[in-house]
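compute the structure for the input listed below.
(2 chains)
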Amino acid sequence: EDQLVESGGGLVHPGGSLRLSCAASGFTFSSMNWVRQSPGKGLEWISYISSLDKTVHYADSVKGRFVTSRDNAGSSLYLQMNNLRVDDTATYYCARPQYCSGSSCYDDLWGQGTLVTVSS
Amino acid sequence: IVLTQSPGTLSLSPGERATLSCRASQSFSSRRLAWYQQKPGQPPRLLIYDASTRATGIPDRFSGSGSGSDFTLIISRLEPEDFAVYYCQQYDGPPRTFGQGTKVEIK
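This is a model prediction of the structure:
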């Protein structure tokens, strides 16, 4: 069964850091996305990483603060979040694209998500 | 590209037809628009891609249509499991963007 499992969420103070992980299983690990969902902003794509050359694209809202990486051997995806802000509070999903036009994709497999709360 | 979904909430009874709208702030020549369904506590589930192609395992009561800047998702006869929030998403140009969602609730 194809599956994505996120971990690493939690409560962090503004300005702090957190690292999320996403474990993939059941399929050939390919290009991947991070998408977050907050009550105030709805669904928001935040990053895309390609499978081969590991090219990464970021949303402007996280550029310079978040870093996406991957371990192909271990079929794992990571999101290093630095200088976190209150408005980064959201459920973070990793998602597998079925098709991409450049870095714009639609996703056919999503993890259950991990909640990140940024609060003092 | 900003996507605006309407209505915000649709109150219907099982067996009724649901018509959901998604309007883009600019027209795109491709039909690179997807629809997702989301239930409480669950991730989004892909329903439709390329504006009108059903994803694997999606029943044929779900249909998508449209082009340019106006897109529609129709649920022909609502089943109890269809009451959820529906999102459109464009993948025509970076960055990909989502609509704010339409909640289909039981009347």
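
contact partners for the most centrally placed residue in chain B?
Closest residue to the average C-alpha location of chain B: residue B:35 at 3.9 Å, with CA atoms, centre = their mean. Neighbour list for residue B:35: B:22, B:46, B:47, B:48, B:62, B:64, B:73, B:86, B:87, B:88, B:89 [criterion: CB atoms under 8 Å, 6 or more residues apart in numbering or on different chains]. To be clear about C-beta, it is placed using only N, CA and C from the backbone, and glycine gets the same treatment.

that one sits in which helix or strand?
Using DSSP states H and E, residue B:35 sits within strand B:33-38.

how about the CA coordinates for that strand, as PDB?
These are the backbone C-alpha positions of strand B:33-38, laid out as PDB (Å, rounded to 0.1, in the frame of the first residue of the first chain):
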ATOM      1  CA  LEU B  33      -7.300  22.400 -12.600                       C
ATOM      2  CA  ALA B  34      -7.900  19.800 -10.000                       C
ATOM      3  CA  TRP B  35     -10.600  19.300  -7.400                       C
ATOM      4  CA  TYR B  36     -10.100  17.700  -3.900                       C
ATOM      5  CA  GLN B  37     -12.500  16.500  -1.200                       C
ATOM      6  CA  GLN B  38     -11.600  16.900   2.400                       C
END
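
by contact count, what packs against the very next helix or strand once past it?
Later in the chain than strand B:33-38, the nearest helix or strand by DSSP H and E is strand B:45-49. Helices and strands touching strand B:45-49, by 3 or more CB pairs under 8 Å, 6 or more residues apart in numbering or on different chains; DSSP states H and E, are strand A:90-101, strand A:104-110, strand B:33-38, strand B:62-75.

what do you get if the cut-off is 6 Å, keeping everything else the same?
On a contact count with 3 or more CB pairs under 6 Å, 6 or more residues apart in numbering or on different chains; DSSP states H and E, strand B:45-49 meets strand B:33-38.

hang on, the earlier thing: pLDDT averaged over the strand holding residue B:35, what's the number?
For strand B:33-38, the mean per-residue pLDDT is 98.

relative orientation of it and strand A:104-110 in degrees?
30 degrees (axes from the mean of the first three to the mean of the last three CA atoms, to 10 degrees).

is any residue of stretch A:61-73 near chain B?
No. Stretch A:61-73 does not reach chain B (CB under 6 Å from any CB of the partner chain); its nearest approach is 9.5 Å.

now that stretch: buried residues?
For stretch A:61-73, burial by neighbour count (16 or more other CB atoms under 10 Å in any protein chain shown) applies to A:61, A:62, A:66, A:68, A:70.

gap between the strand holding residue B:35 and the chain center?
Strand B:33-38 sits 5 Å away from the centroid of its parent chain (CA atoms, centre = their mean, to the nearest Å).

equivalent analysis for stretch A:65-75, please.
Its chain's C-alpha centre and that of stretch A:65-75 lie 10 Å apart, by CA atoms, centre = their mean.

check stretch B:25-38 too.
Centroid separation for stretch B:25-38 versus its chain: 9 Å, with CA atoms, centre = their mean.
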